[in-house]
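> Take a look and give me a structure for this.
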Amino acid sequence: MADAASRLTTLAEELLGGPLPVRLRAWDGSEAGPAGGPVLIVRDRRALRRMIWKPGELGLARAWVAGEIDVEGDLYELLDSISGLLWERGEETRSLLDSVRDPKLRAAARALLRIAGPFPPPKPPAEEIRGRSGSRHSKRRDKQAISHHYDVGNDFYELVLGPSMVYSCAYWPDADADGTLEDAQRDKLDLIARKLNLKEGDRLLDVGCGWGSMAVHAAREYGARVVGVTLSREQATYARKRIAEEGLTDLIEIRVQDYRDVADGPYDAISSIGMAEHVGAVRYREYADTLYGLLKPGGRLLNHQISRRPEPDEEAYEVDPFIDAYVFPDGELAPMGRTLTTLEDAGFEVRDVEAIREHYALTLRRWVANLEADWDRAVRLVSPGRARIWRLYMAASAVSFERNRIGVNQFLAVKTPVSGASGTALRPRVWNEKTG
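Numbering: from 1, shown residues only. All right, here's what the predicted structure looks like:
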């Protein structure tokens, strides 16, 4: 097919009602669109069939995972350019071909179908989650979801996350991201320990403990006695080995256990770092109630959680289709205000909320750099499709944090006793007197 890129660009602009913001290169080597920036490469017409069948993000994601589309140049710049088509058009994009009424648009859609080739569409890539069983956010289904994301090999996570093995937002000293990722992750763990006012002998429950980084830091630096719980057996195996090597087995216990099954409170403190996103809206009050019940009076909770912007109609909120199918099955984000209200409804006194959105964008860019620097090994450790999933999801997430589509916040909450003595400082944080 001669000059497929020009034909695709023209049809895309008719369907979208505006110019295509990126340059396009088609499978025949032809190019069209604005020069001087990144290029979206359509390697195979199969990608078009996927996007026609699933207009919007999921169709694009399937083509990306399958290697049928690619990017030449700055991936972040391209994602930023097309973000309006994917995230800001919302349902209009997802149901584009279903809602066409204009004869001109119907003609463009028919032409696109002819270019795409014979139907049916290709099967989804093997990396797409299938066969979910049980009700949403039941213990059984949550365990399946966690296994899908985390049990892909500890060597792969070491490659992406680096030596710290911390899979949550680091805490950077400034916007230039001076210092190493490991330093920034250590600073984040220490920030949490200080917010929790950890002392020698304190009992800390680390919910969703990952590979044991918070547990090790709390025990080694503060002398805390830590119970860490995770649903991932690979994480637990790694954490236990690491704890033994650190000589901290007398202070730390790692369990493969649902947080809802923890029954050996009270604890002096609870850390929940990047775990609440897996809980789900229907279970979030149960989550808050459970953690409240596990704390002693005066005990502290540090809840570190990704948030989303509020929807005009919260009932219309839908889980991101790419993230749900390939990254965090059943994961859900809540607006910051809803999280705060739920913690208060459970009985907590929320003493501090710190928004650290920009820090996560910096962290994600470091993780993407780690992945790209050792790409061939990453592909060998998992699969080409899964490595591509991680590159896209982390880069797209970085752009989303930078554009304030999503954020991340640390909530410090206290199980304040009836006396009203919260045990927190009058001025827990000191702000800069002069900001610029």
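
> Residue 216 in helix, strand or coil?
With DSSP: H, G, I helix; E, B strand; the rest coil as the basis, residue 216 sits in helix.

> burial of it, as a residue count?
23 (other CB atoms under 10 Å). The way it works is simple: take the backbone N, C-alpha and C, and place the C-beta from them, glycine included.

> same deal with the one 5 residues further on?
Residue crowding around residue 221 was assessed by other CB under 10 Å; the count is 13.

> cool, and residue 386?
The burial count for residue 386: 20, using other CB under 10 Å.

> Residues contacting stretch 355-374, please?
The contact list for stretch 355-374 (CB atoms under 8 Å, 6 or more residues apart in numbering) reads 75-76, 159-162, 169-172, 175, 177, 181, 184, 306, 336, 378, 387, 390-391, 394-395, 397-399, 401-402, 404, 406-410.

> Which of these are buried? Put it as a PyMOL command.
PyMOL command restricting those to the buried ones, with burial defined by 16 or more other CB atoms under 10 Å:
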select buried, resi 75+76+159+160+161+162+169+170+171+172+177+181+184+306+336+378+387+390+391+394+395+397+398+399+401+402+406+407+408+409+410
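
> any idea of the pLDDT on residue 132?
At residue 132, the model reports a pLDDT of 65.

> Contacts only, for residue 59.
Taking CB under 8 Å, 6+ apart, we find residue 59 in contact with 50-53.

> Would you format the residues you listed as TSV with neighbour count and distance to residue 60 included?
Putting the contacts of residue 59 into TSV (neighbours: other CB atoms under 10 Å; distance: CB to CB, whole Å) gives the following:
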residue	neighbour count	distance to residue 60
50	27	8
51	26	6
52	18	11
53	16	12
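
> Turn those into TSV, including pLDDT.
Shown next, in TSV, are the contacts of residue 59 (pLDDT from 0 to 100):
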residue	pLDDT
50	90
51	85
52	83
53	83
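
> Take those residues and keep only those in helices.
Using DSSP state H, the members of these that fall within helices are 50-53.

> from the contacts of residue 59, which is closest to residue 217?
residue 50 (43.8 Å; CB to CB).

> Heading C-terminal from the lengthiest strand in the chain, find the next helix or strand.
For the chain, the longest strand by residue count, based on DSSP state E, is strand 295-308. The helix or strand immediately downstream of strand 295-308 is helix 321-322, counting by DSSP states H and E.

> Pull the distance from that following helix to the chain's centre.
12 Å (CA atoms, centre = their mean, to the nearest Å).

> which parts of the longest strand of the chain are buried?
The neighbour-count check on strand 295-308 (16+ other CB under 10 Å) flags 295, 298-308 as buried.

> a markdown table for those residues, including pLDDT and distance to residue 44?
Shown next, in a markdown table, are the buried residues of strand 295-308 (pLDDT from 0 to 100; distance: CB to CB, whole Å):
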| residue | pLDDT | distance to residue 44 |
| --- | --- | --- |
| 295 | 98 | 55 |
| 298 | 98 | 61 |
| 299 | 98 | 56 |
| 300 | 98 | 54 |
| 301 | 98 | 50 |
| 302 | 98 | 47 |
| 303 | 98 | 44 |
| 304 | 98 | 41 |
| 305 | 97 | 39 |
| 306 | 97 | 34 |
| 307 | 96 | 37 |
| 308 | 95 | 33 |
